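Colleague: Next come a sequence and a model predicted from it.
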Amino acid sequence: MIKVLIVDDDFMVAKLHSRCVSAMDGFVVAGVAHSGAEALRAADSLRPDLVLLDVYLPDMNGVEVLRALRAAEERDPARTAVDALFITAAREAEVVRAAVRAGAQHYLIKPFNRAALQEQLRHVAALRTRLDDLDEARQEDVDQIFGARPPGSRELPKGLAAHTADLVERTLRAHPAGLSATECAQEAGTLSRVSARRYLEFFAGTGRARVTLRYGGTGRPERRYRWVS
C-alpha cells in the first residue's frame with residue numbers, strides 16, 4: 001500500500017482528495033494536514049510514501065514544505081524519500097519551476113477532474129512498482145520518470161494502430177487474472193499471436209500491464225500479461 005499524506009488548508013478540498021485516494025486500489029490515506037508545520041510533523045511521524053501538496057498554506061508555501069522534507073531526508077539517510085504531487089491553483093511559471101526543482105513528481109492545477117488525479121496516482125504507483133522490480137533501468141524507464149509521460153500514454157510507436165491497441169486493452173481488462181499472448185489473440189478474435197504480443201509488450205513497457213512468468217514442465221516460461229487497474 002502507498003501511504004498518502006494530504007496537505008491542503010481547505011478542509012473540504014482535503015476531504016475530496018481523501019475520498020479520491022481511498023477509492024484507488026493500492027493507496028491508503030495515512031493522514032491529513034492543513035498547514036506547513038502540521039504537514040512536517042505528520043511526515044515525521046507517519047513517514048508517508050506520497051504527499052499531495054497545495055502551494056497556498058497559511059504559514060508557508062508547499063514548495064517550502066517539500067524543500068524541508070528533502071532536507072530531512074538528507075539529514076537522515078535511512079529515511080524513505082517521499083514522492084510529491086502538487087495540487088494547487090497556483091499558475092505562476094516560477095512556482096511550477098520551483099516545485100520541479102524541489103523534486104515534485106507532477107503538478108496539477110485546480111480545477112481538474114477526478115480522473116486527472118487518479119491518472120497521476122496510477123503513474124506514481126506504476127513507477128514505484130517498476131523501479132522496485134528492476135536491477136537496471138532502461139531508457140524508457142528513465143524517460144517516464146524524467147519525461148513526465150504517464151504510463152498508458154496513447155502515443156503509439158510506429159507500426160501500432162490505435163484501434164488495435166484499444167482492442168487489446170479491452171481484452172486484457174476483461175480478464176483480470178491475466179492472459180498469454182496466445183490467449184489474448186484468441187479472445188480478441190482478429191489478431192495473430194505475434195501481433196497480440198507486440199501490443200502487450202507495449203502496454204508492459206508503458207506500465208499499464210504487468211508481466212509474470214508461468215513455468216511449465218519444459219521449455220521457456222510463458223509470459224502472462226495483466227492489466228494494471
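Modeller: Happy to help now that I have it.
Colleague: Confirm Arg41 sits in a helix?
Modeller: Yes. Remark: Arg41 belongs to a helix, assigned using DSSP: H, G, I helix; E, B strand; the rest coil.
Colleague: What is the burial count for it?
Modeller: Neighbour count for Arg41, taken as other CB atoms under 10 Å: 13. Placement of C-beta: from N, CA and C, glycine included.
Colleague: May I have the phi/psi pair for the residue nearest to it when sequence neighbours are not counted?
Modeller: Excluding its sequence neighbours, the residue lying closest to Arg41 (CB to CB, 6 or more residues apart in numbering) is Ala33, at 7.7 Å. Dihedral angles of Ala33 (phi, psi; degrees, to the nearest 10) stand at phi -130, psi 150.
Colleague: Could you check how far Ala33 is from Leu46?
Modeller: Distance, Ala33 to Leu46, using CB to CB, to the nearest Å: 10 Å.
Colleague: Likewise for Ala14?
Modeller: The value you get for Ala14 to Leu46, if CB to CB is used, is 15 Å.
Colleague: okay, these two: which has more neighbours?
Modeller: Ala14 (20 against 15).
Colleague: tell me how far the strand or helix carrying the more buried one is from the chain's mean position?
Modeller: In this assignment (DSSP states H and E), Ala14 forms part of helix 11-22. Helix 11-22 has its C-alpha centroid displaced from the chain centroid by 18 Å (CA atoms, centre = their mean, to the nearest Å).
Colleague: residues in contact with that helix?
Modeller: Helix 11-22 is contacted from outside by 4, 6-8, 27-29, 32, 34, 52, 54, 87, 114, 117-118, 121, using CB atoms under 8 Å, 6 or more residues apart in numbering.
Colleague: and it, which residues are buried?
Modeller: Across helix 11-22, burial judged by 16 or more other CB atoms under 10 Å covers 14, 17-18, 20-21.
Colleague: Take these and lay them out in CSV including distance to Ala209 and pLDDT.
Modeller: CSV is the format used below for the buried residues of helix 11-22 (distance: CB to CB, whole Å; pLDDT from 0 to 100):
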residue, distance to Ala209, pLDDT
Ala14, 33, 95
His17, 28, 94
Ser18, 29, 95
Cys20, 24, 92
Val21, 23, 94
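Colleague: For Glu64, state which of those residues is nearest.
Modeller: Among the buried residues of helix 11-22, Ala14 lies closest to Glu64 (CB to CB), at 18.7 Å.
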